[in-house]
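# Build me a model:
(4 chains)
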Protein chains: 2
Amino acid sequence: MRAQNLDLDDGGAEQLSLSRPVLAVRVADALRELILEGKLAGGEKIREKELTELFGVSRTPLREAMKILASEGLIELIPNRGAVVSEPTASELADAFPILAALEGIAGAQAAERASDEEIAEICRLTENLRTSLEAHDRPGYFEINQAIHNAILAASRNETLRRTHATIARQVHRARYQANLSRDRWEKALSEHEQIAEALSRRDVERTSRLLSDHMMAKLSTVLQAPNRDAQPLA
Amino acid sequence: MRAQNLDLDDGGAEQLSLSRPVLAVRVADALRELILEGKLAGGEKIREKELTELFGVSRTPLREAMKILASEGLIELIPNRGAVVSEPTASELADAFPILAALEGIAGAQAAERASDEEIAEICRLTENLRTSLEAHDRPGYFEINQAIHNAILAASRNETLRRTHATIARQVHRARYQANLSRDRWEKALSEHEQIAEALSRRDVERTSRLLSDHMMAKLSTVLQAPNRDAQPLA
DNA sequence: GACAATAATTTTGAATTCATAATTCAATTC
DNA sequence: GAATTGAATTATGAATTCAAAATTATTGTC
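Here you go, the predicted structure:
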């Protein structure tokens, strides 16, 4: 694996070059990405040396980044032994879903109240794309748009704490969700749920949007739990 | 302020002296405590030098601790300018309550399903103490027991992600909640709610325990929002 | 060849050091 | 006297260094 450039994408040419985030935060983002992509599998030991070389930074910002990921629950710090990538048990995974469902329920309610018409239109547009990618049997595309919709709803809720909390927990189940093999049947059903959600949101039906989103998330639980637990290829 | 001893309370004499947490985590705990106690007021700039002297550690673990608290939302990192203690706006505070309410609702439901009889008995016992402290007009005592009850319910839910998520968000509203001046009327009502919760939990009524806890939390929202925003005395 | 003891190496924890950016404050100008 | 410039000071960002712990390799023994 080649050394990565952590400077990328500062948001473009802003006047006066707004101060970029501290290095540790950028390293944390990059490291989080590695874990979510499965490049660092669950249970795997984190080697500081390897990662400092990969990122081209010294151990100080890397170790700070590790503290951040640990506080998010993505890795576990073991005194005098470094850290390992967390490997949630099936029951821990299952426990995350009611939380996610509740958070999405709140997001739906607040989005129905607070979203701009443009935001709702965008969510509807994404939902249409969702159907397109299902019909094209484009699994990765579907997954990506699906995630974009959920993120858009979270953003439209205008509740930053909610957005951040959701992101933290969603990451923990991210790998498992990605690996879950949607049956054709479940896939169609999920799309239909999404279309109902978009419709309820368009009518700004607070109660229904909330309930549909919450139920939608709980429906994913069973799908995920019965998925095999193969992991992506390891690093280097 | 005197230098603090971060070694305190390792849990007692465990065989083989279980490895203590990494220093950065202990510093983070201590620093978090300072913020929650109001010793470091919202908006206040964090001076590394001052804190390294207070804790008797070097800048490295302190800065790692700061990264942890930043990821919890308790402080904000400003590149090249250090960090400041977060000062949630009223609307951010208000946004946190539906989240807390939902989390407590889940906790109630799962506690009703999963708690041991001993845990439920303990929660009932604490609820009785709550009445005692109300009748003694012991505000700090009431506040402490109240918190112990909520923590006990979270623990009884046997959902570690839930417990951790709740803790993170609860901290953000902690200061505000502490400062909220309960009216006598609201105080009595809150106690009655707690007694209902303990009763529902004893009967392991999942639905009712969940709803009561959720409503109880939302009831606190208005109390907090109308509280004056005076802060505790600053550090040193 | 299996095992235990111990020496060498590697890895981690934390302090220190160095470079750079921000702040302060006096000197200067208008 | 207020505003501005620029040097001096201070604080922060990140690499390096040093010490301690853990891991691995080696040797010796049975």
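
# what about stretch A:85-96, start to end distance?
18 Å (CA to CA, to the nearest Å).

# quick check, it touching DNA strand C?
No. Residues of stretch A:85-96 are not located near DNA strand C by CB under 7 Å from any atom of the strand, the shortest gap being 12.3 Å. (Each C-beta comes from the backbone N, C-alpha and C, glycine too.)

# Do any residues in that stretch lie close to chain B?
Yes. Applying CB under 8 Å from any CB of the partner chain, one finds stretch A:85-96 touching chain B at A:92, A:95, A:96.

# Quick one: name the residues of chain A near DNA strand C.
Listed as neighbours of DNA strand C in chain A under the rule CB under 7 Å from any atom of the strand: A:19, A:45-49, A:59-60, A:63, A:77-82.

# Among those, which lie within helices?
A:48, A:49, A:59, A:60, A:63 (DSSP state H).

# quick one: buried residues of the helix or strand encompassing residue A:143?
Per DSSP states H and E, residue A:143 falls inside helix A:139-156. Neighbour counts over helix A:139-156 (16 or more other CB atoms under 10 Å in any protein chain shown) mark A:142, A:145, A:146, A:149, A:150, A:151, A:152, A:153, A:154, A:155, A:156 as buried.

# about what we covered before: who wins for neighbours among the residues of chain A next to DNA strand C?
residue A:63 (24 neighbours; other CB atoms under 10 Å in any protein chain shown).

# how about stretch A:212-223 as CSV, C-alpha atoms only?
Provided in CSV are the C-alpha atoms of stretch A:212-223 (Å, rounded to 0.1, in the frame of the first residue of the first chain):
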residue,chain,number,x,y,z
LEU,A,212,-41.2,4.5,8.9
LEU,A,213,-37.6,5.3,9.4
SER,A,214,-37.4,3.6,12.7
ASP,A,215,-39.1,0.5,11.4
HIS,A,216,-36.9,0.5,8.3
MET,A,217,-33.8,0.4,10.5
MET,A,218,-35.1,-2.4,12.6
ALA,A,219,-35.9,-4.4,9.5
LYS,A,220,-32.2,-4.3,8.7
LEU,A,221,-31.3,-6.0,11.9
SER,A,222,-32.3,-9.5,11.0
THR,A,223,-30.7,-9.1,7.6
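
# which residues in chain A form strands?
A:45-46, A:75-78, A:82-85 (DSSP state E).

# Might you list the low-confidence residue ranges for chain A?
Flagging of chain A using pLDDT under 70 yields the residue ranges A:1-20, A:177-181, A:225-236.

# if we can go back for a sec, who wins on neighbours among the residues of stretch A:85-96 next to chain B?
For these, neighbours tallied by other CB under 10 Å; top is residue A:96, 24 neighbours.

# what's near enough to touch it?
A:88, A:169, A:172, A:173, B:161 (CB atoms under 8 Å, 6 or more residues apart in numbering or on different chains).

# Filter those down to just the ones in helices.
Those of the contacts of residue A:96 lying in helices (DSSP H): A:169, A:172, A:173, B:161.

# Need the max-distance pair from the residues you listed.
A:173 and B:161 (9.7 Å; CB to CB).

# Name whatever forms a beta bridge with residue A:85.
residue A:75 (DSSP bridges).

# List the residues that contact it.
Residue A:85 touches A:35, A:40, A:41, A:42, A:43, A:44, A:46, A:74, A:75, counting by CB under 8 Å, 6+ apart.

# could those go into CSV alongside distance to residue B:207?
CSV is the format used below for these (distance: CB to CB, whole Å):
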residue, distance to residue B:207
A:35, 37
A:40, 41
A:41, 40
A:42, 35
A:43, 38
A:44, 42
A:46, 43
A:74, 34
A:75, 37
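
# From residue A:63, how far off is the one residue in chain A that gets nearest to DNA strand C?
Proximity of chain A to DNA strand C (CB to the nearest atom of the strand) peaks at residue A:82, 3.0 Å away. Using CB to CB, to the nearest Å, we find residue A:82 at a distance of 9 Å from residue A:63.
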